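K.L.:
need a structure here:
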Amino acid sequence: MTNLADLAASDLVRLTASGKVSATEAVQASLDRIAARDPGLNAFSVVLADEALNDAIALDARLAGGQQPGPLHGVPVAIKEEVDVEGCVTTFGGRANVTPAAADGEVVRRLRQAGAVVVGKTRMPEFGQWPFTESVDGGVTRNPWDRTRTPGGSSGGTAAAVAAGLVPVAIGGDGGGSIRIPAACCGLFGLKPTRGRVTSDPVPHLWWALGTTGPLTRTVLDSALVYDVIRGNTAGDRYTAPEPSTTFIAAVGADPGRLRVGWSTRPVTKGVRPAKEHVRAVEETARLLADLGHDVREVDPHYPDPTAAFVPQFLGGVRTEADAVEHFDRLEKRTRETYKLGSWVTPSVLEKALAAGDRVAEKANRVFDQVDVLLTPTIGPRPRRTGALDKGGTVAAAWKSMPMIAWTALWNVAGNPAANVPAGVAEDGLPVGVQLVGRPGDEPTLLSLSAQIERARPWPLLVGEDAAGR
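P.N.:
Next up, the predicted model:
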């Protein structure tokens with residue numbers, strides 16, 4: 001019999017919403033899986049077992065009383081440390097905050113309203129600065145495919161939890177690749193949405209124009225299911241996005257039609273070389289798309305340099321979050337170094353960086369005059385061994401991070417939707433992913449195309465016994 005913890009969210013909710021499986025049973029299966037497997041992974045910083053079971057019991061009672069189930073009825077979810085969950089300290093991956101959040105962030109509120117059950121919070125590097133999930137307070141989070149390797153970051157705890165079958169979906173964030181990078185390392189689907197697609201409430205922005213919130217999932221449909229619940233803005237959001245032309249769920253089921261797909265393995269960051277496995281994955285995906293009837297061609301995207309826009313927003317974002325913590329002196333030494341290095345990022349510098357970002361976006365989007373979707377590697381190197389942040393300060397960490405964000409960070413600056421799509425497993429036993437980038441606001445095309453790839457080339461999932469004891 002299939003363990004409930006191995007089911008996709010879309011499959012699980014069909015059972016819970018019909019009453020064939022109780023929300024309590026679904027949540028208990030997740031909690032049992034967390035207890036069995038997380039000690040070797042360190043994906044979770046907090047497990048809310050009692051609260052989750054109480055919430056599940058309440059959902060079962062409402063369903064028995066005739067209340068209509070929500071689209072995520074009884075689905076266990078995990079939340080990245082940077083997102084407020086009522087009663088939990090929002091740690092940002094460190095120990096500088098000590099007071100529990102008084103209320104859920106808007107994304108969490110919407111998840112609960114849809115029937116999801118929050119089972120815990122997931123690890124991240126402090127303030128999400130790095131594509132490796134390692135911190136002084138939280139220790140090292142490990143990749144379920146190979147526990148000597150990183151799950152990526154900064155949403156590494158989120159990715160490890162989903163890949164190991166601890167939860168079917170979990171919420172991450174992406175300010176330079178932090179959804180797509182761990183999705184690539186852990187064999188998951190991870191879509192960074194268009195800037196402003198998902199509310200940043202209760203704060204007006206996440207690292208200014210760079211950051212957004214979204215799920216990591218084992219299927220494209222699960223991502224669409226969650227996005228249809230959490231997307232939309234509140235009055236306090238600095239950035240907003242127009243309503244899409246269709247629901248994301250409908251996009252997954254739609255035929256993408258014949259698209260113009262351009263592919264390139266050229267890096268945005270000069271001097272970065274993609275691993276041969278990633279080059280091969282891009283080329284194989286290009287051939288698959290051609291076989292599926294798309295107009296596929298190699299292109300030169302003529303990438304603009306996003307440095308003048310990205311670096312001030314990164315430093316300014318870290319400084320803004322650091323200024324808001326309760327105990328600045330408890331921040332990691334490296335974070336305090338980052339804070340000091342960013343002292344030149346004044347409000348006027350940030351405004352210039354945002355203007356530079358607009359110019360970068362204009363140049364980056366010229367590629368979409370000739371193609372509908374751009375296909376690239378997601379990351380440069382293979383997932384490295386854990387311990388990337390054991391030595392060195394901010395500059396050393398940034399140097400190690402550069403190859404990981406060489407294809408992702410540009411699209412945070414530009415604001416485009418971009419997704420990691422799994423592309424199999426390499427000879428080293430670790431997953432491979434490719435990145436699909438679309439025009440601003442065009443998540444439906446990416447979801448439709450990603451679902452078509454998923455049907456044509458189902459990706460391996462690390463669930464059941466395969467996820468234990470790796």
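K.L.:
List the backbone torsions phi and psi for the residue of the chain most remote from its centre.
P.N.:
Distance from the C-alpha centroid of the chain peaks at G65, with 36.0 Å (C-alpha atoms, centre = their mean). Main-chain dihedrals, G65, degrees, to the nearest 10: phi -80, psi 0.
K.L.:
contacting residues around stretch 56-67?
P.N.:
Under the contact criterion C-beta atoms under 8 Å, 6 or more residues apart in numbering, stretch 56-67 has outside partners 17, 19, 22-24, 26-28, 69, 73-74, 115, 117. All C-beta atoms are positioned from the backbone trio N, CA, C, and that covers glycine.
K.L.:
repeat for stretch 232-251
P.N.:
Residues contacting stretch 232-251 (C-beta under 8 Å, 6+ apart): 106, 193-205, 208-209, 221, 223-225, 227-228, 231, 254, 415, 441, 443-445, 447-448, 451.
K.L.:
What residue, apart from its backbone neighbours, is nearest the residue most central in space within the chain spatially?
P.N.:
With distances taken as C-alpha atoms, centre = their mean, I179 lies nearest the centre of the chain, 2.3 Å away. Among residues not flanking I179 along the chain, G190 sits closest, at 4.3 Å (C-beta to C-beta, 6 or more residues apart in numbering).
K.L.:
what's the spacing between that neighbour and A423?
P.N.:
13 Å (C-beta to C-beta, to the nearest Å).
K.L.:
cool, and E321?
P.N.:
Going from E321 to A423 by C-beta to C-beta gives 34 Å.
K.L.:
ditto for V437
P.N.:
Counting by C-beta to C-beta, the gap from V437 to A423 is 15 Å.
K.L.:
could you list every residue that touches T194?
P.N.:
241, 415-417, 440-443.
K.L.:
From one end of stretch 211-220 to the other, what's the distance?
P.N.:
21 Å (C-alpha to C-alpha, to the nearest Å).
K.L.:
Likewise for stretch 259-276?
P.N.:
Stretch 259-276: ends 26 Å apart by C-alpha to C-alpha.
K.L.:
Would you map the helices across the stretch 101-250 of the chain?
P.N.:
For the stretch 101-250 of the chain, the helices defined by DSSP state H, counting those that start in this stretch cover 106-113, 156-163, 180-186, 220-230, 248-253.
K.L.:
Can you redo the ones you listed as JSON lines, where the extra columns are mean neighbour count and mean pLDDT?
P.N.:
JSON lines is the format used below for the helices of the stretch 101-250 of the chain (neighbours: other C-beta atoms under 10 Å; pLDDT from 0 to 100):
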{"stretch": "helix 106-113", "mean neighbour count": "21", "mean pLDDT": "98"}
{"stretch": "helix 156-163", "mean neighbour count": "35", "mean pLDDT": "98"}
{"stretch": "helix 180-186", "mean neighbour count": "35", "mean pLDDT": "98"}
{"stretch": "helix 220-230", "mean neighbour count": "25", "mean pLDDT": "98"}
{"stretch": "helix 248-253", "mean neighbour count": "20", "mean pLDDT": "98"}
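K.L.:
wait, which of the ones you listed is closest to G433?
P.N.:
helix 180-186 (3.5 Å; C-beta to C-beta).
K.L.:
G190 and A423 - which one has more neighbours?
P.N.:
Higher neighbour count among G190 and A423: G190, with 33 against 25, using other C-beta atoms under 10 Å.
K.L.:
Surely the more buried one is in contact with A418?
P.N.:
No - in terms of C-beta atoms under 8 Å, G190 does not count as a neighbour of A418; the distance is 9.3 Å.
K.L.:
joint contacts of those two?
P.N.:
Residues touching both G190 and A418 (C-beta under 8 Å, 6+ apart) are R180.
K.L.:
Any regions of the stretch 51-200 of the chain where pLDDT drops low?
P.N.:
Within the stretch 51-200 of the chain, not a single segment meets pLDDT under 70.
K.L.:
meant to ask about the stretch 301-450 of the chain
P.N.:
For the stretch 301-450 of the chain (pLDDT under 70), the answer is none.
K.L.:
can you give me the strands in it?
P.N.:
Ranges of strands within the stretch 301-450 of the chain are 373-377, 418-425, 431-438, based on DSSP state E, counting those that start in this stretch.
K.L.:
tell me what the first one is packed against?
P.N.:
Helices and strands in packing contact with strand 373-377 are listed as strand 260-263, helix 276-291, strand 431-438, helix 443-456; criterion 3 or more C-beta pairs under 8 Å, 6 or more residues apart in numbering; DSSP states H and E.
K.L.:
Render the CA-only coordinates of it in PDB, please.
P.N.:
This file holds the C-alpha atoms of strand 373-377, laid out as PDB (Å, rounded to 0.1, in the frame of the first residue of the first chain):
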ATOM      1  CA  VAL A 373      10.800  30.400 -24.000                       C
ATOM      2  CA  LEU A 374      14.500  30.400 -23.200                       C
ATOM      3  CA  LEU A 375      16.100  27.100 -22.200                       C
ATOM      4  CA  THR A 376      19.400  27.200 -20.100                       C
ATOM      5  CA  PRO A 377      21.200  25.300 -17.400                       C
END
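K.L.:
What pairs with that strand, parallel or antiparallel?
P.N.:
strand 260-263 (parallel), strand 431-438 (antiparallel) (DSSP bridges).
K.L.:
circling back to that earlier point, which of the contacts of stretch 56-67 tops the neighbour count?
P.N.:
Busiest of these [other C-beta under 10 Å] is A23, holding 32 neighbours.
K.L.:
so it sits right up against V117, yeah?
P.N.:
Yes - with contact defined as C-beta under 8 Å, A23 reaches V117; the gap is 6.6 Å.
K.L.:
Between the two, which contacts overlap?
P.N.:
Joint contacts of A23 and V117 (C-beta under 8 Å, 6+ apart) are 56, 59, 74.
K.L.:
Next, the distance between the ends of stretch 366-383.
P.N.:
31 Å.
K.L.:
Can you point out the buried residues in it?
P.N.:
Using 16 or more other C-beta atoms under 10 Å as the burial criterion, the residues of stretch 366-383 that qualify are 367-368, 371-380, 382-383.
K.L.:
As a markdown table, these with distance to L259 would be great.
P.N.:
Below are the buried residues of stretch 366-383 laid out as a markdown table (distance: C-beta to C-beta, whole Å):
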| residue | distance to L259 |
| --- | --- |
| V367 | 14 |
| F368 | 11 |
| V371 | 8 |
| D372 | 4 |
| V373 | 6 |
| L374 | 11 |
| L375 | 10 |
| T376 | 15 |
| P377 | 19 |
| T378 | 19 |
| I379 | 24 |
| G380 | 26 |
| R382 | 29 |
| P383 | 30 |
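K.L.:
and of the residues you listed, the nearest to S135?
P.N.:
P383 (17.8 Å).
K.L.:
re the thing from before, among the contacts of stretch 232-251, the buried ones, what's the ChimeraX command?
P.N.:
In ChimeraX syntax, the buried subset of the contacts of stretch 232-251 is picked out as below (16+ other C-beta under 10 Å):
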select :106,193,194,195,196,197,198,199,200,201,203,205,208,209,221,223,224,225,227,228,231,415,441,443,444,445,447,448,451
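K.L.:
Count the neighbours of the nearest residue to E134 once chain neighbours are set aside for me.
P.N.:
Spatial nearest neighbour of E134, excluding adjacent residues (C-beta to C-beta, 6+ apart): L389 at 4.5 Å. When neighbours are counted by other C-beta under 10 Å, L389 registers 25.
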